[in-house]
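# show me how the following folds:
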Amino acid sequence: MRPVPFRVLRRKRETHDTFSLVLKPPSAAGPFSFAPGQFNMVNVFGMGEVPLSMSGHSGEVREIVHTIRVVGPVTQTLNRLRAGGTVGIRGPFGASWPLGAAEGHDVVMVAGGIGLAPIRPAIYHVLDHREKYGKVAILYGARTPHDILFLREIESWRGRFDVEVEVTVDRASRDWHGLVGVVTGLVPRVHFDPGNTVAFVCGPEVMITFAVRELARSGVPARKTYVSLERNMKCAIGLCGHCQLGPLFLCKDGPVLRYDQVAGLLRMREL
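Residues are numbered from 1 along each chain as shown. Sure, this is the predicted structure:
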């Protein structure tokens, strides 16, 4: 429960309302270790803390990356930090993407908006261990071309011959020459063996529901589809109950969960 002070190494603007902080743990603590999909509680001293998934390379690392959308007082304060600033870190917490279980399978990763950030460590892992996986597809949707995260990185992924990458936007500007439409419409565009596919989905809950439905139409069962859910996490250790979803505490049972375990819960209004 006690935050550890991490130093801000640098801040990078990603879009008009989203930025990344690169943080360094204290020297005495040694490397920081996490699995793709896990999150930290990031504390602004005197202001409060927010749950944020890691968005950089996983494993034992000497710096961590959090990609953050400005939505409230804590994230507004984080957005004002510069190199040399300090934040408090508790973590890592939660369940991770099942990358070991996905070995030998085709992998389809679907992300909407800021949901690309929590899934990016899984993308790094799959691409760094490409020989362990079958076909790989990355599907990403943003509101507008100006809201696309990690644009140069997406372009580098699209330049590879061993991965399919499709990007769409909800609303296009005149200089946009790509696809227009919701991210779920990208599923039929990529090639994979549905009977041998593991899918990872991250984004707003409405988008998750429709993405899983489209994957199911393509033949990917709910038991092989994993989603990342983040709701009102406060303590991160299953005590406060703010993130409870039926019998589950998303901070410790999730945030990554198999969809067939939560489908019924997500359909219950106001749960």
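
# just for this protein, where's the confidence low?
270 (pLDDT under 70).

# any idea which strand is longest in it?
The single longest strand within the chain, with elements called by DSSP state E, is strand 4-15.

# pairing partners for that one, with directions?
According to DSSP bridges, strand 4-15 forms sheet pairs with strand 18-24 (antiparallel), strand 86-93 (antiparallel).

# wouldn't residue 232 be in contact with residue 245 here?
No. Applying C-beta atoms under 8 Å as the test, residue 232 and residue 245 come out as separate, 10.0 Å apart. All C-beta spots, glycine's among them, are computed from the backbone N, C-alpha and C.

# residue boundaries of the helices in the stretch 151-271 of the chain?
In the stretch 151-271 of the chain, the segments counted as helices under DSSP state H, counting those that start in this stretch are 151-158, 205-217, 250-253, 259-266.

# quick revisit: how far does the longest strand of the chain sit from the chain's center?
Computed by C-alpha atoms, centre = their mean, to the nearest Å, the chain-centroid distance of strand 4-15 equals 18 Å.

# helix 151-158 and that one, what's the angle between them?
80 degrees (axes from the mean of the first three to the mean of the last three C-alpha atoms, to 10 degrees).

# CA atoms of strand 4-15 as CSV?
What follows is strand 4-15, C-alpha atoms only, in CSV (Å, rounded to 0.1, in the frame of the first residue of the first chain):
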residue,chain,number,x,y,z
VAL,A,4,7.6,4.0,-4.0
PRO,A,5,9.0,7.2,-5.5
PHE,A,6,9.8,6.9,-9.2
ARG,A,7,11.6,9.7,-11.1
VAL,A,8,10.3,11.1,-14.4
LEU,A,9,12.9,10.6,-17.1
ARG,A,10,11.0,12.2,-19.9
ARG,A,11,7.5,13.1,-21.1
LYS,A,12,6.3,12.6,-24.6
ARG,A,13,3.1,14.0,-26.2
GLU,A,14,1.3,11.3,-28.1
THR,A,15,-1.9,13.2,-29.2
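
# could you list the buried residues of it?
Buried residues in strand 4-15, defined by neighbour count with 16 or more other C-beta atoms under 10 Å: 4, 6-9, 11, 14-15.

# okay, now the residue nearest to residue 181 when sequence neighbours are not counted: neighbour count?
Spatial nearest neighbour of residue 181, excluding adjacent residues (C-beta to C-beta, 6 or more residues apart in numbering): residue 168 at 5.3 Å. Residue crowding around residue 168 was assessed by other C-beta atoms under 10 Å; the count is 21.

# how about the residue most central in space within the chain, secondary structure?
Nearest residue to the geometric centre of the chain (C-alpha atoms, centre = their mean): residue 118, 1.6 Å. Under DSSP: H, G, I helix; E, B strand; the rest coil, residue 118 falls in the helix class.

# ramachandran angles for the spatially closest residue to residue 73 that is not a sequence neighbour?
Excluding the flanking residues, the one nearest residue 73 by C-beta to C-beta, 6+ apart is residue 47, at 6.4 Å. Taking degrees, to the nearest 10, you get phi -120, psi -50 for the backbone angles of residue 47.

# tell me how far residue 47 lies from residue 9.
21 Å (C-beta to C-beta, to the nearest Å).

# buried set for stretch 41-53?
41-44, 49-53.

# let me fix that: stretch 241-251
For stretch 241-251, the neighbour count (16+ other C-beta under 10 Å) marks 243-245, 248-251 as buried.

# pull the most distant pair out of these.
245 and 251 (10.5 Å; C-beta to C-beta).

# number of nearby residues for residue 142?
22.

# run through the residues that contact it.
With contact taken as C-beta atoms under 8 Å, 6 or more residues apart in numbering, residue 142 is in contact with 112-113, 148-149, 167-170.

# with that, I have no additional questions.
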